[in-house]
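Trainee: Mind folding the following:
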Amino acid sequence: MATGIPGARTQATTAGPLGQLTETLAGIPAIWRILSLALFFTAWELAARTNFNWAFPGFLDTAAAFWSMLADGSMIQAYMRTIEPLIIGLVLSLVIGVGAGVLMGLRADVEWATLPIFITMQAAPMAALIPLITFVYGIGLTSKVLAVCMLAMPVIAINSYKAVRNVPPSLVTMCQSFMGSRREQVFKIILPAASPMMFAGIRLGVAEGFSGVVLAELLITPTGIGDLITYNRSIAKFDHMYAAIVSIVIFAVVAVTLMHKLESVLFRPEKRTAK
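Mentor: Below is the predicted model:
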């Protein structure tokens, strides 16, 4: 009499070479990322070869232009000019944004006076405000730093505010039951509990800061990486123009990835924000 188990037979049937390969690939996320990029670059190259637009270079031409600008040093020199307003703006946004966000979360009067300002800054169209900044502060470093701050600071401040407000009240009550002072509540309970969400806001603010510095260099005065984009567009070297744009994306992705790594070092797995 047959005593075989149908479920085991079905499992053995489906677990063939293809199934084993799929399970192996599913356990290696890096392979899927590489395949996704390869598919995107292939589609880019094929779309360019259809000649639907003479100003749209292929991926291979763009990659060649990218390495050419790296080799001659023009891209490195451009980023040396771009990095100054970016770092200054991000540091100011971090200090002021986190400080204002924490104060808004702790004090209702500060929230009423300050939160509408940050909400307005976040909703305002930056491209429309940059000419006003240029008119008031000129075309120097100050205008570019302000452009970075106006995009990065509201994100950091609002996320810091929400992080403090979302701290479970039971934690504060527990500290009070142990006769903890207000200072101890803030520095030992509220800030540690709010830090993961605050870090997520900082990460988003860094991404917005890249947008701000590029907008500033394109709309205020063509310097740095914005100069590479504007100049190559003016002389119809579109492969170099696209290479400069791609370099911004790569630079931003690397920065955000490093912040992900820093988050994994600073916080326990259950405290990390979703990637």
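Trainee: From here on, just use CA atoms for contacts and neighbour counts.
Mentor: OK.
Trainee: Helices along this protein, start to end?
Mentor: Listed in chain order, the helices of the chain (DSSP state H) span 6-14, 17-26, 29-49, 59-72, 74-106, 108-123, 126-137, 141-165, 169-177, 182-184, 191-219, 224-234, 238-266.
Trainee: just these: most buried one?
Mentor: Greatest average neighbour count among the helices of the chain goes to helix 141-165 (a mean of 26), per mean count of other C-alpha atoms under 10 Å.
Trainee: Let me know the pLDDT of the residue nearest the centre of the chain.
Mentor: Central residue of the chain (C-alpha atoms, centre = their mean): residue 207, 3.0 Å from the mean position. Listed pLDDT for residue 207 reads 86.
Trainee: Make residue 1 into 14 and carry on from there
Mentor: In the new count, where the first residue is 14, that last one comes out as residue 220.
Trainee: Next one: the closest residue in space to it that isn't next to it in sequence from residue 191, what distance?
Mentor: Leaving out its chain neighbours, the residue that sits closest to residue 220 by C-alpha to C-alpha, 6 or more residues apart in numbering is residue 265, at 6.5 Å. Computed as C-alpha to C-alpha, to the nearest Å, the residue 265 to residue 191 distance reads 45 Å.
Trainee: next one: residue 137
Mentor: Distance from residue 137 to residue 191, by C-alpha to C-alpha: 45 Å.
Trainee: Compare the two and say which one has the larger neighbour count.
Mentor: residue 137 (13 against 8; other C-alpha atoms under 10 Å).
Trainee: Quick check: phi and psi on the more buried one?
Mentor: Per-residue torsions, residue 137: phi -70, psi 140 (degrees, to the nearest 10).
Trainee: Give me the distance between it and residue 131.
Mentor: 10 Å.
Trainee: Also residue 231?
Mentor: Taken as C-alpha to C-alpha, the span from residue 231 to residue 131 is 24 Å.
Trainee: how about low-confidence regions in the protein?
Mentor: 14-42, 280-288 (pLDDT under 70).
Trainee: at 80 what do you get?
Mentor: 14-46, 64-68, 137, 139-141, 143-144, 148-153, 185, 189-194, 233-236, 276-288 (pLDDT under 80).
Trainee: circling back to that earlier point, is it true that the residue nearest to residue 220 touches residue 221?
Mentor: No: using C-alpha atoms under 8 Å, residue 265 is not in contact with residue 221; the gap is 9.6 Å.
Trainee: contacting residues around the nearest residue to residue 238 once chain neighbours are set aside?
Mentor: Leaving aside its sequence neighbours, residue 238 sits nearest to residue 91 (C-alpha to C-alpha, 6+ apart; 5.0 Å). Listed by C-alpha atoms under 8 Å, 6 or more residues apart in numbering, the contact partners of residue 91 are 236-238, 240-241.
Trainee: Could you export those as JSON lines, including distance to residue 64?
Mentor: JSON lines is the format used below for the contacts of residue 91 (distance: C-alpha to C-alpha, whole Å):
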{"residue": "236", "distance to residue 64": "31"}
{"residue": "237", "distance to residue 64": "31"}
{"residue": "238", "distance to residue 64": "27"}
{"residue": "240", "distance to residue 64": "27"}
{"residue": "241", "distance to residue 64": "24"}
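Trainee: just curious, which of those residues is nearest to residue 47?
Mentor: residue 238 (27.0 Å; C-alpha to C-alpha).
Trainee: any idea how far the closest one is from residue 141?
Mentor: Residue 238 is 21 Å from residue 141, by C-alpha to C-alpha.
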